[in-house]
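[1] Give me a model of this one.
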Amino acid sequence: MARIRTIKPEFYTHEELYIAEREEKLPLRLAFSGLWTICDREGRFKWRPNTIKLSVLPFDSVDFSRVLDALVTRGFIEQYATEDGELFGFVPSFPDHQVINNRESQSVIPSPFDACSTRDPRGLCKDKGKGKERKGKEEEGNGRSDSSTFVLPDWIDKTHWDIWVKARKKMNDDQKQMQVAKLKSWKDEGLDFSGALANAAANGTQGLFLPTSTAKRNIPKQDNFESKDYGKGVTSL
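    Numbers count the residues shown, from 1 in each chain. Presented below is the predicted three-dimensional model:
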């Protein structure tokens with residue numbers, strides 16, 4: 001069932017999402033925003049590409065499995081599986097942008113922190129079961145955790161991390177651990193994980209994205225209206 005969700009003006013100037021859409025040649029921006037209406041109040045959804053497409057892009061001739069895979073690869077969503085193999089997805093930044101109506105039903109989809117990510121570099125399998133336990137502690141005392149278990153690895157620049165986390169405002173231990181796992185996977189692949197964090201701290205972005213130094217070169221230039229011959233090939237009556 002689709003739900004009413006909020007979309008902020010900054011979404012339309014999301015450069016990383018625009019670049020991803022151009023490079024993947026898929027309608028990622030419209031699909032990503034449409035996916036929010038499929039998510040439950042926790043930002044989770046059942047991984048059923050064909051069914052989701054009917055609600056999000058019903059008139060487009062596009063393989064929605066490719067759309068979801070591209071959003072996973074680019075770090076906008078996560079895919080995870082339960083022990084019986086059923087696939088689900090969730091949007092890590094969902095709580096940062098959505099104000100949920102109190103009357104909306106509670107999530108019946110398993111938490112990603114109690115399951116295994118299908119891309120284990122995120123480290124969800126390693127921390128299986130811990131998310132639910134920590135969530136229970138945070139719910140006590142008006143949502144504040146009295147005993148944080150998160151420890152920032154020494155290979156991450158603490159200054160950039162603190163600036164970025166402060167800008168995001170809402171990040172629990174589970175979300176922080178997920179972002180560390182993302183940086184770790186980039187680090188292991190030899191990618192510029194430190195540049196991603198530095199850019200996020202400088203620009204105040206909600207997510208972490210690998211630097212794309214050549215991206216601006218790929219942005220198409222606007223045609224010069226005056227230089228075009230719009231009368232070419234037209235026969236006078």
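[2] List the buried residues in the strand or helix carrying D162.
    Take DSSP states H and E as the rule and D162 turns out to sit in helix 158-168. Buried residues in helix 158-168, counting neighbours by 16 or more other CB atoms under 10 Å, are found at 160-161, 163-165, 168. All C-beta atoms are positioned from the backbone trio N, CA, C, and that covers glycine.
[3] Can you name every helix or strand that the following helix or strand past that helix contacts?
    Toward the C-terminus, helix 158-168 is succeeded by helix 173-188 as the next helix or strand (DSSP H and E). Applying 3 or more CB pairs under 8 Å, 6 or more residues apart in numbering; DSSP states H and E, we find helix 173-188 packed against helix 130-139, helix 193-203.
[4] So which bits of helix 173-188 are buried?
    173-187.
[5] contacting residues for the residue most central in space within the chain?
    The centroid of the chain falls nearest to F76 when counting by CA atoms, centre = their mean (2.0 Å). Applying CB atoms under 8 Å, 6 or more residues apart in numbering, we find F76 in contact with 17, 20, 28, 32, 91, 93, 207.
[6] Just say helix, strand or coil for it.
    Going by DSSP: H, G, I helix; E, B strand; the rest coil, the secondary structure assigned to F76 is coil.
[7] circling back to that earlier point, ok, of the contacts of F76, which one's closest to R66?
    Using CB to CB, L28 is the member of these that lies nearest R66, at 10.1 Å.
[8] Next, the distance between the ends of stretch 62-78.
    20 Å (CA to CA, to the nearest Å).
[9] go on, stretch 72-85?
    18 Å.
[10] Mind checking the pLDDT average for that stretch?
    Summarised as a single mean, pLDDT over stretch 72-85 is 88.
[11] so who does the closest residue to I100 other than its chain neighbours touch?
    The spatial neighbour of I100 that comes closest, neighbours along the chain excluded (CB to CB, 6 or more residues apart in numbering), is R41 at 4.6 Å. Contact analysis of R41 by CB under 8 Å, 6+ apart lists 100, 104-107.
[12] could you pull out the strands for the chain?
    Counting by DSSP state E, the chain has strands at residues 44-46, 78-81, 87-90, 116-117.
[13] what comes up buried for the third one?
    Spelled out, that is strand 87-90. For strand 87-90, by 16+ other CB under 10 Å, it's 88-90.
[14] Just the CA coordinates for that strand, please, in PDB.
    Backbone C-alpha positions of strand 87-90 (Å, rounded to 0.1, in the frame of the first residue of the first chain) are rendered in PDB as follows:
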ATOM      1  CA  LEU A  87      14.600 -10.400   0.500                       C
ATOM      2  CA  PHE A  88      13.800  -6.900   1.800                       C
ATOM      3  CA  GLY A  89      15.100  -3.400   1.400                       C
ATOM      4  CA  PHE A  90      15.400  -0.300   3.400                       C
END
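[15] And it, what does it pack against?
    strand 44-46, strand 78-81.
[16] Would you confirm that V180 contacts P153?
    Yes. Judged on CB atoms under 8 Å, V180 makes contact with P153 at a distance of 6.4 Å.
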